[in-house]
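**Q** sequence first, then the predicted structure:
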Amino acid sequence: MFETWIGTDSFRAGIQRYLAKHAWGNATVDEFLGAIHAAAGRAAAPAFKSFLDQTGVPLVTVELSAFSSTFH
């Protein structure tokens, strides 16, 4: 979701920046978000941080429905 919003290239650049800077070390979520922010050039950190700070797992509900080949 955030990759789509920020843009694939920018998101991947942020991930690469983060991994290069913190290879073989420890880092915080704020350092991760800082790398994403720097690559994206927009304030993505607040929305992304609220997503990362939530506990639990997402609930996904799927409903299948049959439809004919004729669309109305």
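**A** Yep, it's here. Numbers count the residues shown, from 1 in each chain.

**Q** in stretch 8-20, which residues are buried?
**A** The neighbour-count check on stretch 8-20 (16 or more other C-beta atoms under 10 Å) flags 10-11, 13-14, 17-18 as buried. No exception for glycine: its C-beta is placed from N, CA and C like everyone else's.

**Q** in helices, which of these appear?
**A** 10-11, 13-14, 17-18 (DSSP state H).

**Q** put together a markdown table for the residues you listed, with pLDDT and distance to Pro46 on each row.
**A** Rendered in a markdown table, the data for those read as follows (pLDDT from 0 to 100; distance: C-beta to C-beta, whole Å):
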| residue | pLDDT | distance to Pro46 |
| --- | --- | --- |
| Ser10 | 88 | 17 |
| Phe11 | 88 | 16 |
| Ala13 | 92 | 20 |
| Gly14 | 89 | 15 |
| Arg17 | 90 | 19 |
| Tyr18 | 92 | 18 |
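
**Q** picking that back up, need the buried residues of stretch 8-20 in JSON lines (columns: distance to Ala66).
**A** Below are those laid out as JSON lines (distance: C-beta to C-beta, whole Å):
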{"residue": "Ser10", "distance to Ala66": "40"}
{"residue": "Phe11", "distance to Ala66": "37"}
{"residue": "Ala13", "distance to Ala66": "44"}
{"residue": "Gly14", "distance to Ala66": "42"}
{"residue": "Arg17", "distance to Ala66": "47"}
{"residue": "Tyr18", "distance to Ala66": "45"}
